[in-house]
Each structure stands twice: as structure tokens, then as C-alpha cells.
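S.K.: Just need the structure, nothing else, for what follows:
(chains A, B and C)
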Amino acid sequence: MVYRLSAVFKGRDIISIKDLDRGEILQLFEVAETMEPLAKKGSQLLSNKIIGILFYEPSTRTRLSFDTAIRRLGGSSVGFAEPRVSSVEKGETLSDTVRVVENYVDAIVLRHPLEGAARLAAEFSAVPVINAGSGAEEHPTQALLDLYTIKREKRKIDGLNIGLIGDLRYGRTVHSLAYGLAYFDINLYLISPPLLRMRREVLEDISADVRCEESEDIRDVISKLDVLYVTRIQKERFADLSEYEAVRGSYRITLDLLRNAKSGLIILHPLPRVSEISQEVDQSRYAKYFRAVWYGLLVRMALLALILGAVR
Amino acid sequence: MVYRLSAVFKGRDIISIKDLDRGEILQLFEVAETMEPLAKKGSQLLSNKIIGILFYEPSTRTRLSFDTAIRRLGGSSVGFAEPRVSSVEKGETLSDTVRVVENYVDAIVLRHPLEGAARLAAEFSAVPVINAGSGAEEHPTQALLDLYTIKREKRKIDGLNIGLIGDLRYGRTVHSLAYGLAYFDINLYLISPPLLRMRREVLEDISADVRCEESEDIRDVISKLDVLYVTRIQKERFADLSEYEAVRGSYRITLDLLRNAKSGLIILHPLPRVSEISQEVDQSRYAKYFRAVWYGLLVRMALLALILGAVR
Amino acid sequence: MVYRLSAVFKGRDIISIKDLDRGEILQLFEVAETMEPLAKKGSQLLSNKIIGILFYEPSTRTRLSFDTAIRRLGGSSVGFAEPRVSSVEKGETLSDTVRVVENYVDAIVLRHPLEGAARLAAEFSAVPVINAGSGAEEHPTQALLDLYTIKREKRKIDGLNIGLIGDLRYGRTVHSLAYGLAYFDINLYLISPPLLRMRREVLEDISADVRCEESEDIRDVISKLDVLYVTRIQKERFADLSEYEAVRGSYRITLDLLRNAKSGLIILHPLPRVSEISQEVDQSRYAKYFRAVWYGLLVRMALLALILGAVR
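M.R.: Down below sits the predicted model:
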């Protein structure tokens, strides 16, 4: 009996990384591997498929990543890049928009500022919905591409020491990633200012599966890490600007800091990056944040192809 | 001698529903029927054709409907979804924009806030222009999809009792629809507050062909109707807010109101819907407003294919 | 030995008209000629190629021209039409955006408000960058299409008397065109108010190659010209509004002015045109500014096909 991936993925909504299990994630990564030549030369796997890209928040990387994935698979897209050009201005509800758009497309890729929006859309939609970021909570395809980048660059995920640094409280990518990492046998180092510590509910959810250690200073743990995942600390999170000024320096990754790093350390970042990684790091062997963009394209191609039944 | 539809439609501008006659509308609907499998599986009828989608006003449904229609026919589109990203900001006239864009595309789909804009564009353009809504006056493809929805759901148009409710004065869809209905042997019930009655000139134009009855209360006519077409009443139309508050309740369609409806009644709405149809109605057998989105795709595919000479 | 154009163009950035020499420009024009049937019927020269269209400034004509060129060659595009829908709002640098987007696309077409932006992008990008206008300095594909229009309409460029009128100081198209014209044996007439004279550095750069004559009154030179290139004079350039009012009339092209023109004169304009060419001129034999839009499509198709190695 041949096991068919399409039986697992076809027609499915991808709203949260928690909707997938470890086995499914690893299967997805195997398909992503086979996408590499198609991402260079193109393919016709999704010819005659149209995907709706509904972005209620601006984004370059995620939107272009999905749009490119669709085109490299031979499909096409319709949609909007911001709510202002849509009927949202006229007061249409998300559920009504979904019930309109499902008539046009074979799947929907949705980004929305509100938590729960993608889940709501999936409930109303007759076609599969992929969450491309909703609210501060979930960004499953970002987490998948982060995991896939680790897998590709370190050849494994189990057994690694993985650090998450910066704003662990409000960043949606970091929450999805933490849940994704919980499927693997890793040590997790959480480095943040007290104000921006990982949310308690996330910590409780993952603590059964992952050894977590929290700290405030990257210098205490840098030498242990195999992976360092950097996120931006936004000024707006601090009521007191002097407090922000006090912490920002120690959450900036520089070559000087990296002198104590393992030679095999890889640095990731969900992008866009502002100043939390010094530009001098870009040319170092550690920097994998731009390489991850490529891996993200492969993961999204694999996900779209699987959900639309184009590979099995 | 074989009668060829392409001789009737190829290269034609579609600015007003009045540009078509009853026979042409029924021919278009026959072609729309043949589009149903293509709307699901795609086709190559318009491969190598490019359509310019010039939207000077935001829209999700109409823009995505045309864009999807083009892609399901194998064509592609270029254009803009709002004037701000165009040369309009630099003061370019519509006629100059048309004379630029006609060099790029095989047809133009235009939405514009000013009445007469589509007609003007058609005069300057060497390629066919389809009006996707201009000013408060005309929205011919919306009227065609409304008529086609009635035809598909009721299997006929002649002989029906059709009610239009809400803002009959300012809504462009309702004017185009009224002219379209005038080609058929129907009874027309116009239900609106006095302030928002159907424009006199429209009533005069259609009164020779259609029996019209005006009323202010839907409850007086609901039991007679085969079709109820609902439009939104906008607060901004009322100088006095208390006047708006007084009428809004009786122009809201609820399951309670529908207890007196014929069992075969169908409810249409041009969308986006705000609160003029209660959400509880969505799951009833009457609700056809989301189904109409699908029919709209078929009508637009048929129109594009005919105008570009891809079917005959 | 067969000389291959692809050896010259493939993989190259096109940032400035000065990056090309006379021979390359003429070779490009030969390829543009072969694009004419493809611009009408389409082709598959760029099938499986994706081009990133990154527009940090609004534009209809240039963006749609590139987008159409890509589609007529069978390729597809991803990108944005204004910075607001991109990560720029989040503070991402252009170099980071380029390092993201190069993972998705086979070439980048960039428009940016800052001088030097396209050059910077090209330095960071692993894929070729075409400058679609950056700052007030360069717009090489506009210059190429202007030169190609002259070549097509006058059957030569050498030996012509060419006038540039209007704002010769701030217009980026006029600078790129001046450098392009310097490759040919022409007489250049520069007609502008004193405030808006051609920049000294441009004049110095081209004066070795081109005979230049500056004047303030088009009536002094109109009878000599074979080509008149018109640009807009913007009110905002004048500190004193009365000064603007004083000059604007004499920089407006009318049929009356053209009574003294050569019968073979052609008038060009980079568009959008506001009032600097009277609409009565549009129907005259002189007007080639809308025809130039078509030639621009051919030039951009040729450039994309050459840079991506699809013709040789």
C-alpha cells in the first residue's frame, strides 16, 4: 500500500502550526526538497489553478513569496495587497468577502491584523485557507520556513540548542516557531528584556516537550547556541523611552558578540530587519536570514502543491 | 447560413445595458452557460490576450470577478486598483490614459467615479471598453449578472414579479437592472422611502415596457414576489439622522418578514451587504446573493470571450 | 564567427543610458524591430521567468509598459506599485529588500524617488536590475524609447535638428535623453526659461559630442527642428508665481506655433501631458507622443529578452 501525502494535505486549511504534527511537518519538508528545481525553472503543477491572495495588512516578503510560489508552480493569483482597495471600506465583513472570493479561487492565502481572522475565514470558506499571518498570534508558514531552514542548514533539528532573542511577547513569528520547535527534542533559550518575555501561556503549552531557559543577556548563552533566532524590539512597546534605550544595545547582534559563538551557529531573522542585526554580520558564515527566504519559497510551493492535490 | 455571435459582439464597447437588446442578452446567457466547465477547469480561449483593468475606485468583487474571468479564459491582465498608484495624480486626463493603455492591451475594463467616464474612454480607445461601473448611473455587467441569476434560478425572466428595495435613487446597480428588466415581460415593485424613490427619468424610460408599482412598505408586497433585489440605504443620504433611524428597520430583510414570502422567492443583493439583509437569511433557501457571484463570473467570461472574438 | 547579442546583454544591469554605447543601442533597436509581431500576438520567450516590478513611486505608463512587455513575452511578474504596501513602512532598507526579492525573481525592474537607488540595488542584487526611473537623474528606458521613436519615425537619428523644450533642469527623462543623443551626430536646441536651463554638468558632458544651442523662445528655432521633445514646466519650480505665469504661455505647443514648423517635424513627450501641448495638436501629423508608447513597449520587450538571454 502506497501512503499518499495528498490524503493528508489535500483540501486542508493551514491556520496554526499546531494543526500539523511532527510527521506531517517532516513530510512537507521532503516535498519542499523536490521543489528546488521547480523554483528555478518553473513548472505546470498548478496550471489552471487560481489562488486568492487577500492581504489586509501590508507585506512584501510573505506576499511576494506566496505569489512567486504560485507562479513557479504554473498557477495564477488574484487579490489585494491592502484593505483600502477592497470592499472592506464599505463595511463588508470578512465572512462575506470569503463567501464572494471562494467563487473565484481554488485556495485563499489570508493575512489579517486580527487574531482569529484566518480561523473564521476557514470556517466560512469552501476552499482551503492558508494563514499568512493573523493578529499577534500565528504565522504558521513563517514557522515552517524557519524550521525548514534549520533542517537544511544543520541537517537536523533534534538535539540542537536554539535561542530566541528580542521581543518574545508580541512577535507572531516567535510564537508559531516556539510551537513548531516543541515537536522536536531541543533545548530552548529565551533571551529578552523582562517586559518582553515569552507569553506565559505559550511557555506552559510547550514546557512539557521542550527544555526552556530564560535569560536577559545573550552573552550568557551565545557560546552554547546552534541556532539564534533574532526578532526586532519595537520602541513603541516601552512606556518609558529611557528603558528602551537601556536595553536596545544588548539586543543587537554584532561580530564582536559572535566571537564567542560556535563555528556552526546559524542566525535567522523573520525580516524585515532594522538594526537588531548589524550589517557587518551579513557577510559572515553565520548569517542565514536571506538564505531562509529561498527556503521559504520552497516550503510555500510544497504547501500549495500538497493542499491543491498537485503532488502526492 | 450560420449566424455568428462574434459578428454581434466582437470589438464592441459595453457601456450601458441599453447598448444591448433582448436578443443579444439572451445570446450572451447561452454563452455564459457554456462557460461553467471552463470556470472550474480553466481554458486557453484568451491565451495571448491582455486586458487592462483600470479601477479609479476601489472594488473587490467586480475587480476580482473580471480578473478571475480573464485568467479562467487563459488571458492575463495589467492595470491598477486605485487612482493613487497611477498618473492620475500627475493630472493626466482619462482620454490620455486611454490612449496610452490602448497600446498595451486587447480590451479595457474601466471603473470610474464620474458618470460618462466609460463612454468617454470608449470614444478615445481603439480597443473595446467594458464599463465596470461609472458614476451613479451605469453598471451594465452587474445588471447582466442579476438578470442571469434570475434566469438560472427561476428558469425564466418573463412573467415574474420582481421587487427592488432600498436606495433606488442613488444606486447604480439598480438603474442598470431596471433598464435590463424592461426587456422582459415582468411586474416591477419598487419599495423605498420617499426620499430614495426610483429616479423619474428611469421610471419614464421603462414605464412603456414594464408594469411598475411603487410602495414604501415591503410587507405590502412580499407575498407577491418571485425575486427580491435588496440594496443598501446609506445614512449619508439623509439630512436628518432621525429620519434615517425611522426608516432603516423596515428596509431590513429578516426571516420573520420572509414568513409571508412565496416558497420560490429568491433574494439578490449587489454586495457588499452591510446590515440590510439579516445574517440569519444567508442559510435560507431564498438567499442567492453569494450564488450570484458565481453566475457573475460566467457572464463576464462570456462577455470577454465574445468581445475578443474567442467564441462565435 | 557569429556575434551574439546575448554575450553583450545577458545578465547586465541597465542603470544609466551611459552604461550602453552607440553600437549596443542600435543592436537593441534591431531586436526591438523583431518584437513588433510578438507585441501583437504574444510569445513564450520568457515562459517560466518571473520579473520583480518594485515601484517605490506611482506610475501608470512605465509600470504597465514593463508589465505588458513581460506578459507579451510569456513571463509573469510579482511586486508592488507603491511603497506603502511593502515592508518599507517597517523601515527595511532597499538593499535588504533586494536581497529578499532576488530569491524570487529572474530580474528586477525598479523605480525609486532617490538618485542612486537603482545603482545601489544593482550592487546588492544577484539578478539583473533595470532602472525604471530613479531620482531626478536617470530614466534610461525612457531615453531608449525616445531614441527608438526618432529612429522609427525619421528613419535615422544622425543629422537631425532636435529641440528639447520646457523644464530641462529637473526632468529625469530629459537628462537621460541628452546623454543618449550625444551618441549621435545631431544639433541640439535647448529651449527653456533661464531658471530651468539644462544642468551645467550635463551640458559639459555632452558638449564634446553634440552641437548645443540654448534659447528661451521656441519661435526662434521651431522652423529648424526635425524633432521637438516637450516636457512639463511645474509651477512648484518657481518661487514667484508671477514669474511662472509670465513664461508658461510661451512653452505651450499650439497649432499656431507649428505653422512655421518643417512638414516632417515630429513632437514627442514623455507623458503624462498636462497642458504643455494643446489638445488640438493631438490629431496633427506632428504628434507622435502616443505612438511612442507602442515603441516603448517594443524597446522594453527587447531589453528584457536580451538581458534574460531569451534572444541572441
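S.K.: Touching, A:T60 and C:T97? I think so.
M.R.: Yes - if you go by CB atoms under 8 Å, A:T60 and C:T97 touch, sitting 6.5 Å apart. Where you see a C-beta, it was placed from the backbone N, CA and C, and this is true even at glycine.
S.K.: How much space separates A:S192 from A:V247?
M.R.: Distance, A:S192 to A:V247, by CB to CB, to the nearest Å: 9 Å.
S.K.: residues in contact with the residue nearest in space to the middle of chain A?
M.R.: The centre of chain A sits closest to A:Q142, judged by CA atoms, centre = their mean, with a distance of 1.0 Å. A:Q142 makes contact with A:62, A:133, A:172-173, A:176-177, A:270, A:296 under the criterion CB atoms under 8 Å, 6 or more residues apart in numbering or on different chains.
S.K.: Helix, strand or coil: sort out it for me.
M.R.: Secondary structure for A:Q142, judged by DSSP: H, G, I helix; E, B strand; the rest coil, is helix.
S.K.: The closest residue to A:V221 other than its chain neighbours bridge partners, please.
M.R.: Sequence neighbours aside, A:Y189 is the residue nearest to A:V221 in space, at 4.8 Å (criterion: CB to CB, 6 or more residues apart in numbering or on different chains). Beta-bridge pairing of A:Y189 under DSSP bridges involves A:G163, A:E213.
S.K.: and A:Y189, how many neighbours does it have?
M.R.: 24 (other CB atoms under 10 Å in any protein chain shown).
S.K.: Do I have it right that it meets A:A178?
M.R.: No - taking contacts as CB under 8 Å, A:Y189 lies outside contact range of A:A178: 11.7 Å.
S.K.: which residues do those two both contact?
M.R.: Common neighbours of A:Y189 and A:A178 (CB under 8 Å, 6+ apart) are A:L164.
S.K.: Which parts of the stretch 51-200 of chain A are helices?
M.R.: For the stretch 51-200 of chain A, applying DSSP state H, counting those that start in this stretch gives helices covering A:61-72, A:94-101, A:117-124, A:140-154, A:172-181, A:200-207.
S.K.: distance of the residue in the stretch 151-300 of chain A that chain C sits nearest to from A:H112?
M.R.: Among the residues of the stretch 151-300 of chain A, A:P272 lies closest to chain C, at 3.5 Å counting by CB to the nearest CB. Distance, A:P272 to A:H112, using CB to CB: 19 Å.
S.K.: thinking again about what came up before, of A:S192 and A:V247, who's got more company?
M.R.: A:S192 (23 against 17).
S.K.: any idea how far the more buried one is from A:Y170?
M.R.: Counting by CB to CB, the gap from A:S192 to A:Y170 is 11 Å.
S.K.: what does the domain assignment say about chain A?
M.R.: A:17-137+A:294-307, A:140-293 (automatic domain parsing).
S.K.: Pick the most buried one from those.
M.R.: domain A:17-137+A:294-307 (a mean of 21; mean count of other CB atoms under 10 Å in any protein chain shown).
S.K.: residues in contact with A:G133?
M.R.: A:G133 neighbours (CB under 8 Å, 6+ apart): A:57, A:59, A:62, A:111-112, A:139, A:142, A:172.
S.K.: Please dump those into CSV; it should also carry pLDDT for every row.
M.R.: Formatted as CSV, these follow (pLDDT from 0 to 100):
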residue, pLDDT
A:E57, 88
A:S59, 86
A:T62, 95
A:R111, 95
A:H112, 93
A:H139, 92
A:Q142, 96
A:R172, 81
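S.K.: from those, which two are the most distant?
M.R.: The most widely separated members of the contacts of A:G133, counting by CB to CB, are A:H112 and A:Q142 (14.7 Å).
S.K.: Dump the C-alpha coordinates for stretch A:278-296 into PDB.
M.R.: Extracted in PDB, the C-alpha atoms of stretch A:278-296 (Å, rounded to 0.1, in the frame of the first residue of the first chain):
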ATOM      1  CA  SER A 278      24.500  44.700  12.500                       C
ATOM      2  CA  GLN A 279      25.100  44.800   8.700                       C
ATOM      3  CA  GLU A 280      28.600  43.600   9.300                       C
ATOM      4  CA  VAL A 281      27.100  40.200  10.200                       C
ATOM      5  CA  ASP A 282      25.500  39.800   6.800                       C
ATOM      6  CA  GLN A 283      28.700  38.600   5.100                       C
ATOM      7  CA  SER A 284      29.600  36.200   7.900                       C
ATOM      8  CA  ARG A 285      29.100  32.500   7.700                       C
ATOM      9  CA  TYR A 286      26.500  32.700  10.500                       C
ATOM     10  CA  ALA A 287      24.000  34.800   8.500                       C
ATOM     11  CA  LYS A 288      21.200  32.700   7.000                       C
ATOM     12  CA  TYR A 289      18.300  35.100   7.100                       C
ATOM     13  CA  PHE A 290      18.400  35.900   3.400                       C
ATOM     14  CA  ARG A 291      19.100  32.300   2.600                       C
ATOM     15  CA  ALA A 292      15.900  31.500   4.600                       C
ATOM     16  CA  VAL A 293      13.900  33.500   2.000                       C
ATOM     17  CA  TRP A 294      14.700  30.900  -0.600                       C
ATOM     18  CA  TYR A 295      13.800  28.000   1.700                       C
ATOM     19  CA  GLY A 296      10.500  29.800   2.400                       C
END
